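> Predicted model follows, preceded by the sequence.
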Amino acid sequence: GLWEAQAPDGERFGKPRLRELLRVHHASSAQDLARAVLDAVTRFRGDGAQRDDMTVVVIRIGQAE
């Protein structure tokens, strides 16, 4: 549902935009990363209807936060 989210003009959020968000926020906590993704999709969608469910699971491997 995340990358299929559509802006009012029909443009899809897309995998490249999601990858860029992950790159920019890679050092954030899992909670902050999930919130950044959901906020970005919501802003992108604007007034358009949410047509699919959106689930975000962030698993951090490595150093403790």
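Received the coordinates, thanks.
> so the most centrally placed residue in the chain is in which element?
Against the mean C-alpha coordinate of the chain, by Cα atoms, centre = their mean, the closest residue is residue 37 at 2.7 Å. Using DSSP states H and E, residue 37 sits in helix 30-45.
> now that helix, how far from the chain's geometric center?
A distance of 5 Å separates the centroid of the chain from that of helix 30-45, by Cα atoms, centre = their mean, to the nearest Å.
> circling back to that earlier point, need the contact list for the residue nearest to the centre of the chain.
2, 18, 21-22, 25, 56 (Cβ atoms under 8 Å, 6 or more residues apart in numbering). All C-beta spots, glycine's among them, are computed from the backbone N, C-alpha and C.
> Those: which two are farthest apart?
2 and 25 (14.0 Å; Cβ to Cβ).
> quick one: which of the two has more around it?
More crowded of residue 2 and residue 25, by other Cβ atoms under 10 Å: residue 2, with 20 against 17.
> My guess is residue 28 contacts residue 36. True?
Yes: between residue 28 and residue 36 there is a contact at 6.6 Å, judged by Cβ atoms under 8 Å.
> wait, residue 51 sits on residue 6?
Yes: using Cβ under 8 Å, residue 51 is in contact with residue 6, at 7.2 Å.
> who's more crowded, those two?
residue 6 (17 against 10).
> do you know how far the more buried one is from residue 49?
From residue 6 across to residue 49, the span is 9 Å (Cβ to Cβ, to the nearest Å).
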